[in-house]
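Colleague: Could you work out the structure for the sequence below:
(chains A and B)
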Protein chains: 2
Amino acid sequence: MTNTQVFEWSSVKKTSFDLKAYLSERRSQVEAALEQSITVVYPEILYESMRYSLLAGGKRLRPILCLACCELVGGTVEMAMPTACTLEMIHTFSLIHDDLPTMDNDDYRRGKLTNHKIYGENIAVLAGDALLAYAFEFLVLQTKGVAAQQLLQVVAKLAHAVAATGLVGGQVVDLQSEGLQNIDIETLNFIHAHKTGALLEASILSGAMLAKADNEILQKLSCYASYIGLAFQIVDDVLDVIGTQEELGKTPGKDQKAQKVTYPSLWGIEESKRKSQELVDLAKAELVDFGDKAQPLMAIADYITARTH
Amino acid sequence: MTNTQVFEWSSVKKTSFDLKAYLSERRSQVEAALEQSITVVYPEILYESMRYSLLAGGKRLRPILCLACCELVGGTVEMAMPTACTLEMIHTFSLIHDDLPTMDNDDYRRGKLTNHKIYGENIAVLAGDALLAYAFEFLVLQTKGVAAQQLLQVVAKLAHAVAATGLVGGQVVDLQSEGLQNIDIETLNFIHAHKTGALLEASILSGAMLAKADNEILQKLSCYASYIGLAFQIVDDVLDVIGTQEELGKTPGKDQKAQKVTYPSLWGIEESKRKSQELVDLAKAELVDFGDKAQPLMAIADYITARTH
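Modeller: Below you'll find the model as predicted:
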């Protein structure tokens, strides 16, 4: 089954921009920076546990978006790489804690045992805590060539995206909604806007902030972030219904089995597909003023509805 | 039983400085600022859980030290109050996570049920996470009249004091040492220097950093912090052996019962008392150049060996 069979209505525009090569190169740069970001010292088990989850792969979409937005506004990859790593540390902290027995109780993530299955629940909690705290230290100490005021703006933005106003707030509402059949669209939107949307937006805005983007640019990028964030979640839900095990690398139908309220369960498959495409188009419309410099962000938006996993 | 009966060798010098009134006034100021630092909004349970532990009382020693050190170097209480609140948010995060069933599994703290006993384990983990993240946002957005560079220095210092290099690292070694009889003095020192010492030092240095203290001053205050931190821990251990239930507000003999390695178990009671007094004297010696401005910090050092709980 090809992409177009899953999303036959999605037409990835043929441009000269090679997204696959772009993502692959950026991912390698991010992996190399992450690899060097944490050295194992005493107490080794803690640092090993942090590295285990931080270096467990993944698309590295948040760091890549951060780098892309910094360049979009005239900054460099070097300026934004520490922030990119910080974002991945924060994302990893949230995954480790979400997987805990007291939360989603997941044994596997990306085909590997979850942190607490390897290191125990207590170390997993602490590895998450340490990653979250270290993220801010790393950001401040490693960032070069950025004015102090901009860096403070980024610290506040990232912290806001994690706290009760961000992904932690989203996780709380998600936990409270578990098993409930009557979740409304506002609650579903709240969960996604906070649990995944907030850090995605922070990834995009932090890159731009580092390069001193003005409020008008930040506003456009904030809209871009909201649109692709919601589109991403809708596609995720759709793929859970129509994707195959092979494509997803995980068991499909998990949401239905858990009787989870999802976008397809509220809107149906076809309407969900239509809405996700509409959101991607809206996201891209925010970028028109940037011209060719927005090619990576345009292509990433297209990729969301084209992807099969 | 009076203070001098427990620590008959400690002679709190009679000065014109009224430590009790000073601590009481500062504590009220800190409580008022903390009370306003978090407003309950949706999802209410999360914010209520954060407030429950943040406003559960305590000596507020870390914020008070921060304010005192900012004033010592010529800064104001207003400049340092957001940092003072941030320190208490971080301290509270660490208490909530330490009390979890997977960690120390404590049902009570300061005579009140622990966070997870009221809100459940999953919310307690998330309330801790949210407090830690919000601490950094609050610090950056609420601090006024401090140069951006100094504020970044404080962010990095606090993050370092929390991460694997700080209290989380100390908690890991403490967990690993549980039930072991052959803990050596180096391991015991590592645990205390990290689990409690790091944030205490950060409380002291952050206040001074806000007021642009130079490296020489920071060095003196760092020594002061190390001395009083260790003295505090030794006295804590001694009180666990010789204090009464009434004085401590908790059951004495807990360490012995848990067969925990402590300073008195390594050195004996008398030698532990002697060393803690020696440390307090060393701490005070670091402050002589500051003259009368150091009175609060001198008195706080004396208070450590004079206290009975």
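
Colleague: what does stretch A:47-63 rub up against?
Modeller: A:23, A:26-27, A:30-31, A:34-35, A:37-41, A:84-85, A:87-89, A:91-92, A:95-96, A:109-110, A:112, A:115, A:118-119, A:123-124, A:126-127, A:130-131, A:134, A:199-200, A:203, A:300, B:164 (CB atoms under 8 Å, 6 or more residues apart in numbering or on different chains). In short, each C-beta sits where N, CA and C put it, glycine included.

Colleague: Name the residues of it that are buried.
Modeller: A:47, A:49-54, A:56, A:58, A:60-63 (16 or more other CB atoms under 10 Å in any protein chain shown).

Colleague: for stretch A:149-166, same thing?
Modeller: Neighbour counts using 16+ other CB under 10 Å place A:150-166 of stretch A:149-166 among the buried residues.

Colleague: CA atoms of it as CSV?
Modeller: Taking Å, rounded to 0.1, in the frame of the first residue of the first chain, the C-alpha atoms of stretch A:149-166 are listed here in CSV:
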residue,chain,number,x,y,z
GLN,A,149,16.8,38.9,25.9
GLN,A,150,15.9,36.5,23.1
LEU,A,151,17.2,33.5,25.1
LEU,A,152,15.0,34.5,28.1
GLN,A,153,12.0,34.7,25.7
VAL,A,154,12.8,31.1,24.6
VAL,A,155,13.2,29.8,28.2
ALA,A,156,9.8,31.3,29.1
LYS,A,157,8.1,30.0,26.0
LEU,A,158,9.4,26.4,26.4
ALA,A,159,8.5,26.4,30.1
HIS,A,160,5.0,27.6,29.3
ALA,A,161,4.6,24.8,26.8
VAL,A,162,5.5,22.2,29.4
ALA,A,163,3.7,23.4,32.5
ALA,A,164,0.0,23.2,33.4
THR,A,165,-0.6,25.6,30.6
GLY,A,166,1.0,23.1,28.1
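
Colleague: surely A:Cys70 meets A:Met81?
Modeller: No - look at A:Cys70 against A:Met81 with CB atoms under 8 Å: they stay out of range, at 9.1 Å.

Colleague: intersection of neighbour lists for the two?
Modeller: Common neighbours of A:Cys70 and A:Met81 (CB under 8 Å, 6+ apart) do not exist.

Colleague: neighbour count winner among those two?
Modeller: The neighbour comparison of A:Cys70 against A:Met81 (other CB atoms under 10 Å in any protein chain shown) goes to A:Cys70, with 27 against 23.

Colleague: so what pLDDT did that one get?
Modeller: With respect to pLDDT, A:Cys70 scores 98.

Colleague: Name the residues of whichever helix or strand A:Val235 is part of that are buried.
Modeller: In the assignment (DSSP states H and E), A:Val235 maps to helix A:215-242. Residues of helix A:215-242 classed as buried by neighbour count (16+ other CB under 10 Å): A:217-218, A:220-242.

Colleague: now that helix: how far from the chain's centre is it?
Modeller: Counting by CA atoms, centre = their mean, to the nearest Å, helix A:215-242 is centred 10 Å from the centre of its parent chain.

Colleague: where does chain A have low pLDDT?
Modeller: A:1-15, A:244-252, A:308-309 (pLDDT under 70).

Colleague: Please enumerate the strands of it.
Modeller: Using DSSP state E, the strands of chain A run over A:108-109, A:112-113.

Colleague: Write out the residues of the stretch 1-150 of chain A neighbouring chain B.
Modeller: A:43, A:45-47, A:50, A:93, A:97, A:100, A:102-103, A:120-123, A:125-126, A:128-130, A:132-137, A:140-141, A:147-149 (CB under 8 Å from any CB of the partner chain).

Colleague: Just the ones in helices from these, please.
Modeller: A:45-47, A:50, A:93, A:97, A:121-123, A:125-126, A:128-130, A:132-137, A:140-141, A:148-149 (DSSP state H).

Colleague: Tell me the backbone dihedrals of the residue in chain A sticking out farthest from the centre, please.
Modeller: In terms of distance from the mean C-alpha position of chain A, A:Tyr42 ranks first, at 30.9 Å (CA atoms, centre = their mean). Reported as degrees, to the nearest 10, the phi and psi values for A:Tyr42 are phi -70, psi 140.

Colleague: what about it, distance to B:Ala301?
Modeller: Noted for A:Tyr42: a distance of 30 Å to B:Ala301, by CB to CB, to the nearest Å.

Colleague: Same question for A:Asn182.
Modeller: Taking CB to CB, one finds A:Asn182 at 59 Å from B:Ala301.

Colleague: next one: A:Gln256
Modeller: Using CB to CB, A:Gln256 is found at 63 Å from B:Ala301.

Colleague: ok, these two, which is more surrounded?
Modeller: Neighbours were counted for A:Gln256 and for B:Ala301 using other CB under 10 Å; B:Ala301 has more, 25 against 13.

Colleague: wait, that one sits on B:Glu286?
Modeller: No - B:Ala301 lies out of contact with B:Glu286 (CB under 8 Å); the separation is 9.4 Å.

Colleague: Now the common contact residues for the two.
Modeller: Jointly contacting B:Ala301 and B:Glu286 under the rule CB under 8 Å, 6+ apart are B:224, B:227.

Colleague: same for the helix holding A:Val235, what does it pack against?
Modeller: helix A:185-192, helix A:198-210, helix A:245-248, helix A:254-257, helix A:263-267, helix A:269-285, helix A:295-306 (3 or more CB pairs under 8 Å, 6 or more residues apart in numbering or on different chains; DSSP states H and E).
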